[in-house]
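S.K.: this one's sequence-less:
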């Protein structure tokens, strides 16, 4: 079926003489239009590096204090409310919901009550994984 569709589109293009032009310009972070292909490619590279490598602020002291090695009964470092709140705030809007059928906008609109509920769920899961019931 798709082969026929392609043939139809090709035929219409030949008859009308119209073809879609490619966009070969982009704007940089300062809204300056880039037309040179090398600069356009560099801007796309920069865009995807920023997209997939978000800048995060982490406290180096926390990393130094983390225990090295396996889990210890003395260390009970579950998930923190601040982490859950930050994760909810980072959710992208206008996306399809996951298997839970909850939209990001719904979690964000629920505010602190969503953070509290997610904290309870995460804590329960964490406790069951660390201390399985016999």
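M.R.: Looks like it arrived, so ask away. All values reported here derive from a predicted model rather than from experimental measurement.

S.K.: looking at this structure, which helix or strand is least sure?
M.R.: Lowest on mean pLDDT, DSSP states H and E among the helices and strands of the chain sits helix 60-65, with a mean of 75.

S.K.: what helices or strands is the next helix or strand after it leaning on?
M.R.: Counting by DSSP states H and E, the next helix or strand C-terminal to helix 60-65 is helix 81-90. In terms of contacts (3 or more Cβ pairs under 8 Å, 6 or more residues apart in numbering; DSSP states H and E), helix 81-90 is packed against helix 104-110, helix 112-130. Quick note: C-beta positions are derived from backbone N, CA and C, even for glycine.

S.K.: of all those, which has the lowest average per-residue confidence?
M.R.: Mean pLDDT across those is lowest at helix 112-130; the value there is a mean of 84.

S.K.: Which neighbouring elements make contact with it?
M.R.: Using 3+ Cβ pairs under 8 Å, 6+ apart, the elements in contact with helix 112-130 are helix 81-90, helix 104-110.

S.K.: Report the residue ranges of every domain in this protein.
M.R.: If you go by automatic domain parsing, the domain ranges for the chain are 1-55, 69-134.

S.K.: Just want to check the distance between the residue of the chain most remote from its centre and residue 103.
M.R.: Using Cα atoms, centre = their mean, the residue of the chain lying farthest from its centre is residue 15. It sits 43.4 Å away. Noted for residue 15: a distance of 44 Å to residue 103, by Cβ to Cβ, to the nearest Å.
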